[in-house]
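**Student:** build me a model from this:
(one chain, ligands or ions: 1)
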Amino acid sequence: MLRASLDALPGVDEAGVHARVAALATRSVKTSAKARAIDLAVRMVDLTTLEGADTPGKVRALAAKALRPDASAPDVPPVAAVCVYPDLVPVAVRALRGSTVGVASVATSFPAGRAPLEARLADTRAAVASGATEIDMVIDRGAFLTGDYRKVYDEIVAVREVCARSDGEPAHLKVILETGELAGHDDVRRASWLAMHAGADFIKTSTGKVSPAATPDVTLVMLQAVRDFRAATGRQVGVKPAGGIRTTKDALRNLVLVEETVGADWLDPRFFRLGASSLLNDLLMQRAKLTTGTYSGPDHYSAD
Ligand SMILES: O=C[C@H](O)COP(=O)(O)O
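**Tutor:** Okay, the predicted model is just below:
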């Protein structure tokens, strides 16, 4: 049944996707709309640190930046969430308590996911128990590539179950497809539908540890999937490109893709996020340039 419905999906017109992305890349955002677009992009950032060398101090600094991205411009909005490894969730939760900024955690033995399911569920439970409000899980790409869609589906359902929180509001589940390891756009479409059928709140392109990561082509295919999934089921699923998004130009290009593919309903941090470790300062620099006419050097901002 699951396989039949995934096999029934039409193939992706790769050349058509590429041409559409190229056409949209020539769209410029008018200066009058640019400031608003940059602020929206800031509100959509999942400010990420996923390094073996991460420390509580680094996460506290990141949380401070998430709350007030630019110390010299209090009107810059906070970001959507900080994204950290599970062991650093308690630090982020303490630093962000009482704010609107979420705490996302990459559970399920990120980034490879190569651990027994029980270990991946325990990883997720621990992150949720520590207060994570969002879980970014990886799918089993090995199972997906060998066609074992049922296994991938069942594991997403199982992770979703342990996202339940004692306060009644389940942690939002973002399902990372790691598109750079899939076999092509047809796979991206199939994996998107599989994840959405299994209950994903968001589908996310990449871990940021594999190249290519969030290419505009892949993001477009995933946007088409969430659009068609809502038309078929009535449920609106979010999209999170992540990995390699570094510049304001990249961010605004993503917003154009959203507007032109799925429309204004997705131009909201509840339905579109930008997973990035080094984007925020460029957004702040471009924003300051619009207001003051000059660039502040990178030293003006604390590290992303
Ligand atoms: O989930 C987010 C990604 O790990 C961020 O990747 P990046 O370091 O290339 O921005």
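
**Student:** burial measure for the one residue in the chain that gets nearest to the ligand, as a count.
**Tutor:** Going by Cβ to the nearest ligand atom, the ligand is nearest to residue 208 of the chain, at 2.4 Å. Bear in mind the C-beta positions are built from the backbone N, C-alpha and C, glycine included. Look at residue 208: counted by other Cβ atoms under 10 Å, it has 24 neighbours.

**Student:** and it, what element?
**Tutor:** Under the criterion DSSP states H and E, no helix or strand holds residue 208.

**Student:** in contact with it, which residues?
**Tutor:** Neighbour list for residue 208: 48, 50, 111, 242-244, 275, 277 [criterion: Cβ atoms under 8 Å, 6 or more residues apart in numbering].

**Student:** rerun that using 7 Å as the cut-off
**Tutor:** Applying Cβ atoms under 7 Å, 6 or more residues apart in numbering, one finds that residue 208 lies in contact with 50, 242-243, 275.

**Student:** is stretch 123-137 anywhere near the ligand?
**Tutor:** No - applying Cβ under 6 Å from any ligand atom, one finds stretch 123-137 out of contact with the ligand, separated by at least 6.5 Å.

**Student:** show the pLDDT at the residue lying closest to residue 245 once chain neighbours are set aside.
**Tutor:** In this structure, residue 245 finds its nearest non-sequential neighbour in residue 276, 4.7 Å apart by Cβ to Cβ, 6 or more residues apart in numbering. Listed pLDDT for residue 276 reads 98.

**Student:** surely residue 276 meets residue 44?
**Tutor:** No - in this structure, residue 276 is not within contact of residue 44 by Cβ atoms under 7 Å, at 9.7 Å.

**Student:** more neighbours, those two?
**Tutor:** residue 276 (29 against 26).

**Student:** run through the bridge partners of that one.
**Tutor:** residue 47 (DSSP bridges).

**Student:** for it, what are its contacts?
**Tutor:** 45, 48, 242, 245.

**Student:** residues in contact with the third one?
**Tutor:** Applying Cβ under 7 Å, 6+ apart, one finds that residue 242 lies in contact with 204-206, 208, 213-214, 275-276.

**Student:** swap in 8 Å and give it another go.
**Tutor:** By Cβ under 8 Å, 6+ apart, the contact set of residue 242 is 46, 48, 176, 204-208, 213-214, 273-276.
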